[in-house]
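A.B. asks: Sequence and predicted structure below; questions after.
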Amino acid sequence: MHPFTYTRVADIRGALNAGRAGGRYIAGGTTLVDLMRETVERPGTLVDISGLPLDEVTVTERGGLRIGALVTMAEAAAHSKVRTLYPVVSQALELSASAQLRNMATIGGNIMQRTRCTYFRDVTADCNKREPGSGCAAREGVNRTHAILGTSDACVATHPSDVAVAFAALEARVHLLGPDGNRQVPFADFLLRPGTTPQREQAIRRGELITAVEIPALPRPLRSGYLKVRDRQSYEFALTSAAIALHVRGGVIREAKVAAGGVGTVPWKLPAVERHLVGERPSESLWAAAAEKAASGAHPLQQNGFKVELLKRTVERQLRIVGGTK
Ligand code: SF4
């Protein structure tokens, strides 16, 4: 591990000053410390923000939910409002990492986490994300778990977060506070596709602090859930996943929110699937036809072509579960 200085801040102003000076924010530390041990990350200064008052879950005036950036994954998953209003969020959190990690890791840290591509974490391998211009060892290497959607010549790594898939489906907004004040970024714009700059992963500016993630109010009743398909049943990243929320009234689907994980360089919203569902009556044939659209635009690599069919089946199965026709 490279040498670094550590400072703990007591208030938001202190955090912003330290961030503006180039410090890296740390709270649970479950991703950053790992990467520092592997010398992938080499921050000069760590700014411990774990004491800031950003640890509440509140219902917004319009009936949405605001989850503070320092709420732990375990706290968010267990929160009564999260469980009742957006079970898809609770389920995504509970299917992530281990219980020990969920007790430490925060919501803000979760959406800032970096890819699990093994070449990214191996400092002897070529990796454009870690070292721009060095190449991408995964393109011709072991790429069974890599992305089939949103890839570029520079990078084909998946985004590892589960709850980010639920946030993408629900069209959450990220609240940021920085030297220029508050701003909100739609979740779809917060995580960046690799393009020619895979080292840039979030639309966050120097010194900005994530203060919360806000999920908008959605019509009720709303059924939602998260399905994760992986090589083993626990402590494993998704091969494919599906976050789905449906509002059905009078026997007709009025709203559909659908996103997939494990397949994209960012959580992958599926608007074609959503459009196919809205205005229709739930049925087995509808789920199958909608899921058929889940993988459109996919570009599989040598070893991960199986994800195309697996993604469709994951979406279809979760539509059946959430839609109530299983
Ligand atoms: Fe690096 Fe991305 Fe290639 Fe992995 S897929 S080696 S993270 S550039």
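C.D. replies: Now that the structure is in, tell me what you want to look at.

A.B. asks: Name the residue of the stretch 201-326 of the chain with the shortest distance to the ligand.
C.D. replies: Residue of the stretch 201-326 of the chain nearest the ligand, by CB to the nearest ligand atom: residue 265 (8.4 Å). In short, each C-beta sits where N, CA and C put it, glycine included.

A.B. asks: which one is that residue nearest to, not counting chain neighbours?
C.D. replies: residue 150 (4.0 Å; CB to CB, 6 or more residues apart in numbering).

A.B. asks: The one you found: neighbour count?
C.D. replies: Other residues near residue 150 come to 23 when the count uses other CB atoms under 10 Å.

A.B. asks: Hmm, it is touching residue 192, no?
C.D. replies: No. Residue 150 lies out of contact with residue 192 (CB atoms under 8 Å); the separation is 9.8 Å.

A.B. asks: Name the residues contacting each of the two.
C.D. replies: By CB atoms under 8 Å, 6 or more residues apart in numbering, residue 150 and residue 192 have these common neighbours: residue 266.

A.B. asks: if we can go back for a sec, what about the residue of the stretch 201-326 of the chain closest to the ligand, how many neighbours?
C.D. replies: If we define neighbours as other CB under 10 Å, then residue 265 has 25 of them.

A.B. asks: Could you do residue 250 as well?
C.D. replies: Neighbour number of residue 250 under other CB under 10 Å is 6.

A.B. asks: What of residue 279?
C.D. replies: 10.

A.B. asks: Tell me which residues touch it, please.
C.D. replies: Residue 279 makes contacts with 252, 253, as judged by CB under 8 Å, 6+ apart.

A.B. asks: Run the chain-centre distance for stretch 137-148.
C.D. replies: 20 Å (CA atoms, centre = their mean, to the nearest Å).

A.B. asks: buried sites along that stretch?
C.D. replies: 137, 138, 139, 141, 143, 145, 146, 147, 148 (16 or more other CB atoms under 10 Å).

A.B. asks: What is the nearest of these to residue 289?
C.D. replies: Among the buried residues of stretch 137-148, residue 148 lies closest to residue 289 (CB to CB), at 20.8 Å.

A.B. asks: returning to that earlier point: wait, what's in contact with the residue nearest to residue 265?
C.D. replies: Neighbours of residue 150 in contact, by CB under 8 Å, 6+ apart: 193, 194, 264, 265, 266, 268.

A.B. asks: ok, now with 7 Å
C.D. replies: Residues in contact with residue 150 (CB atoms under 7 Å, 6 or more residues apart in numbering) are 193, 264, 265, 266, 268.

A.B. asks: hmm, back to that, would you agree the residue of the stretch 201-326 of the chain closest to the ligand is in contact with residue 194?
C.D. replies: Yes. Look at residue 265 against residue 194 with CB atoms under 7 Å: they come within range, at 5.4 Å.
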